[in-house]
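Participant: 3D, please:
(2 chains)
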Amino acid sequence: MSEERSLNFIEEIVEEDIAAGKHGGRVLTRFPPEPNGYLHIGHAKSICLNFGLAKKYNGKTNLRFDDTNPTKEETEYVDSIKEDVKWLGFDWAEELYASDYFDNLYDLAVELIKKGLAYVDDSTAEEIAAQKGTPTEPGTPNQYRSRSVEENLQQFADMKDGKYQDGDKVLRAKIDLASPNMLLRDPLMYRIKHAHHHRTGDAWCIYPMYDFAHGQSDAIEEITHSICTLEFVSHRPLYDLFIEELEIFPSKQYEFARLNMTYTVMSKRKLMQLVSENHVEGWDDPRMSTISGLRRRGYTAASIREFCDRIGVAKRENMIDFSLLEFCIREDLNKTAWRRMAVLDPIKMIITNYPEGQTETLHGENNPEVEGGDGGRDIPFSNELWIEREDFMEEPPKKFFRLGVGLMVRLKNAYIVKCEDFKKDADGNVTEIYCTYIPESKSGHDTSGIHVKGTIHWVSVPHAKTAEVRLYDRLFKVEDPSSEEGDFKEYLNPDSLQILPNVYIEADLANAEQGKGYQFIRKGYFTLDKLSTADKLVFNRTVTLKDGWAVKKG
RNA sequence: UGCCUGAUAGUAUAAUGGUAGUACGACGGUUUUUGGUACCGUUUGUCUAGGUUCGAAUCCUGGUCGGGCAACCA
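Facilitator: Numbering: from 1, shown residues only, chains lettered A, B, ... in the order given. Sure, this is the predicted structure:
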């Protein structure tokens, strides 16, 4: 079954390591989010990469929360992250927290002080920044850099014991103030923060920085391949240096290009702003690029995994077309979504030769892509139908395969009708369309011999139910809001949400289930919103169908 | 004006010194009781200038362009 697929550069590294017998061929990756926001589609790429790699090479993946900054992290985020990873279809080997290692990390810092490789600095943040120099000028040492090991040990212990206020002192690695890599100019290892931590409470008032937590956590867990995004490339020398000096497990860091996607933003900071400033309903607003937003919008886990598979993994900066994500969800839903009929913008059609008051029950299959139609449902029919306003034109152009006086179409799963006349109101708006039907053209039993080009959807007026339907468009007006002048929020699309309060839906849709995708024939894929109730159905449009006619019209 | 990193159709991604391929997009066609799906076809590319080599997207040198780095963020 496995047609050969070329490996991405990380898979190549892993295969080389396995072939060389490194770590006995063991593969252990980790997904290390900071619990300071909800996961987005960019995280999905990382999740699929880390978990996918482990799965492919008989390894495991840890879920590790990088919770070293208590002022930004909350349990709400921990919970949402776990839910999203699970929903995407992945199981972690262990649920771990950097905060589990605070004691361990403290000991490692002490070890570094003892080796003369770390010192307590009393300078202010501004002084430290100034003393670091610039990319073209080396930094300058201060008097604290030459503190004795004993003094450093005592000071660090006092820091831990809460004898100082926030900002009074920091622990710094003593590396090279003239390094061309700014990160190596005596980076901070610990800072004082008298803040409540979501897991350790008030047990600590000093917290390790990323650079003195991440690699060490990897080593503690004996992670074999620590995969992160490109912005950490310049951190790698530090990552390796600490591991080497501490003589702990030699985890290795590899970097890939993060995902960027057109017409959206992909940073927790920006997504957070959209939420807190109420530009969207919340982290799971269906227009958001968050996993929870996509889920609420109707995207399936399988479609997101497929997307992550298709975009590939490389080191080059990229900008993926949103249309690729749309392709992936259409491909999935086409094969699974049940077909139903709904009229979003209604106009009434009256069939003049069908007895008033008569109804009959027609049948429609659930999904023509599935052998046998995947079952079906009953569809009530009568002489009054709702049809889509755009399916009728007073003066139809050539190749308009829908209705206009004298034109014929098939009503999906029902009869062929011929448009005879229509009525307009005082403002010139078409209000009713009059048709005659061909009794011999009943779907499945057509002996009329008539062939029509167009088929339209419809809902019987007396049997119709109603629902609110929410149509979504791209959140931003421009491809890359982050690269535009000024605030990215200036480029929000004001028409990204359109609410249709009263859409006519076929009766069977009252049985729609949460989490299931439905195709409203010719209109797109829809799913029940989380706010939907039996009394008030609310559908979200996941994505439109491809519309070749719209393209032709121009 | 420092260091790191990258550059292949519109967008992504392969080709690991030996025929530049695949997917999405776009365009055209066939089928169709969804102007959907499916199927078929067309289209467009190795940043640049040198060098090594029988042969370079691949190796070397210079340039150009993009991204990252000077948070008590991760």
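Participant: any idea how far A:Glu74 is from RNA strand B?
Facilitator: 13 Å (Cβ to the nearest atom of the strand, to the nearest Å). Every C-beta, even on glycine, is put in place using the N, C-alpha and C of the backbone.
Participant: And for that residue, nearest residue in space, chain neighbours not counted?
Facilitator: Leaving out its chain neighbours, the residue that sits closest to A:Glu74 by Cβ to Cβ, 6 or more residues apart in numbering is A:His198, at 5.8 Å.
Participant: The one you found: how many residues sit nearby?
Facilitator: Using other Cβ atoms under 10 Å, A:His198 has 18 neighbouring residues.
Participant: Next: A:Ser226.
Facilitator: 24.
Participant: Surely it touches A:Ser217?
Facilitator: No - applying Cβ atoms under 8 Å as the test, A:Ser226 and A:Ser217 come out as separate, 9.3 Å apart.
Participant: per-residue confidence at A:Cys205?
Facilitator: At A:Cys205, the predicted lDDT confidence score is 98.
Participant: same thing with A:Ser2?
Facilitator: Value for A:Ser2, per-residue pLDDT: 38.
Participant: Likewise for A:Glu485?
Facilitator: 89.
Participant: Pull up the residues of the stretch 451-554 of chain A that are close to RNA strand B.
Facilitator: Residues of the stretch 451-554 of chain A lying close to RNA strand B by Cβ under 7 Å from any atom of the strand are A:454-456, A:483, A:519, A:521-522, A:545-549, A:551-552.
Participant: Now restrict those residues to buried residues only.
Facilitator: A:455-456, A:519, A:521-522 (16 or more other Cβ atoms under 10 Å).
Participant: now, which of those residues lie within strands?
Facilitator: Of the positions in those, A:455-456, A:519 sit in strands, assigned by DSSP state E.
Participant: Return the member of these nearest to RNA strand B.
Facilitator: For these, the residue nearest RNA strand B by Cβ to the nearest atom of the strand is A:Thr455; the value is 3.5 Å.
Participant: Specify the beta-bridge partners of the closest residue to the closest one other than its chain neighbours.
Facilitator: Excluding the flanking residues, the one nearest A:Thr455 by Cβ to Cβ, 6+ apart is A:Arg410, at 4.5 Å. Beta-bridge pairing of A:Arg410 under DSSP bridges involves A:Ile416, A:Thr455.
Participant: separation between A:Arg410 and RNA strand B?
Facilitator: From A:Arg410 to RNA strand B the distance is 5 Å (Cβ to the nearest atom of the strand).
Participant: Was I right to think that residue contacts A:His451?
Facilitator: No - using Cβ under 8 Å, A:Arg410 is not in contact with A:His451; the gap is 9.3 Å.
Participant: ok, those two, which is more surrounded?
Facilitator: A:Arg410 (20 against 9).
Participant: And the residue nearest to A:Glu74, how far from A:Asp84?
Facilitator: 18 Å (Cβ to Cβ, to the nearest Å).
Participant: residues from the stretch 251-400 of chain A in reach of RNA strand B?
Facilitator: Counting by Cβ under 7 Å from any atom of the strand, the stretch 251-400 of chain A sits next to RNA strand B at A:257, A:310-321, A:323-324, A:327, A:330-331, A:334, A:339, A:367-369, A:399-400.
Participant: Quick one: buried ones out of these?
Facilitator: A:257, A:311, A:313, A:320, A:327, A:330, A:339, A:367, A:400.
Participant: got the buried ones among the residues of the stretch 451-554 of chain A next to RNA strand B as TSV, with pLDDT columns?
Facilitator: Shown next, in TSV, are those (pLDDT from 0 to 100):
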residue	pLDDT
A:Thr455	98
A:Ile456	98
A:Gln519	98
A:Ile521	98
A:Arg522	97
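Participant: Need the contact partners of the helix or strand harbouring A:Lys82.
Facilitator: Assigned by DSSP states H and E, A:Lys82 belongs to helix A:75-87. Helix A:75-87 is contacted from outside by A:31, A:33, A:35-39, A:43, A:47, A:63, A:65, A:67, A:92, A:95, A:198, A:283, A:291-292, A:295, A:301, using Cβ atoms under 8 Å, 6 or more residues apart in numbering.
Participant: Pull the distance from stretch A:477-484 to the chain's centre.
Facilitator: When C-alpha coordinates are averaged (Cα atoms, centre = their mean, to the nearest Å), stretch A:477-484 and its chain have centres 18 Å apart.
Participant: I meant stretch A:354-362, not that one.
Facilitator: A distance of 46 Å separates the C-alpha centroid of stretch A:354-362 from that of its chain, computed with Cα atoms, centre = their mean.
Participant: before we move on, what about stretch A:388-400?
Facilitator: 38 Å.
Participant: Touching that stretch from outside, list them.
Facilitator: Looking at stretch A:388-400 with Cβ under 8 Å, 6+ apart, the contacting residues turn out to be A:343-347, A:402-405, A:407, A:409, A:419, A:422, A:430, A:433, A:456-457, A:522, A:552.
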